[in-house]
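*Asks:* Predicted coordinates and the sequence they were generated for:
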Amino acid sequence: MCAEMMVILPEFVGDAERRGTNSQATSVWGDPSKVVLRCGVEVPGPTTDPCVSVNDVDWIAREGDDGVWTLTTYGRTPATEVVLDPQVIPSSTVLASLSQAASRIPAEGACLSVDKNVNL
């Protein structure tokens, strides 16, 4: 499933150009990295973390102590993880750019509650 998603990832996310990596299921945009995407990460279970929905793809949002956000698809197996610093690149740009590719992995479930007030 990851392969189907990886081949349609965009060349640009915002102004950050996609660059090569040495991992089949990983993509990076920007140099230095502004966005890192990994497919095949652990599928998240039920959580109280906020969930945002972009173009019919649900993402669990977790803010790290350093202000960097990790967003993981919810209800899709395998899961996809995106790591970004919203001070460097807008999260809305990132998720809008990557949700189409993430939607190639079929949804098996959805968040029960989508938080429209998450400030990434």
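*Replies:* Structure's in. What do you need?
*Asks:* ok, now which ones touch the residue most central in space within the chain?
*Replies:* The centroid of the chain falls nearest to Val82 when counting by Cα atoms, centre = their mean (3.5 Å). The contact partners of Val82, taken as Cβ atoms under 8 Å, 6 or more residues apart in numbering, are Val35, Val36, Leu37, Trp59, Thr70, Leu71, Thr72, Val94, Leu95, Leu98. Just so you know, the C-beta spots here come from the backbone N, C-alpha and C atoms, and that holds for glycine as well.
*Asks:* All the helices of this structure, residue numbers only.
*Replies:* 2-6, 91-102 (DSSP state H).
*Asks:* how about these, which one is nearest Asp49?
*Replies:* helix 91-102 (14.7 Å; Cβ to Cβ).
*Asks:* just for this structure, where's the confidence low?
*Replies:* In the predicted model of the chain, residues 114-120 satisfy pLDDT under 70.
*Asks:* Kind regards, and thank you for your time.
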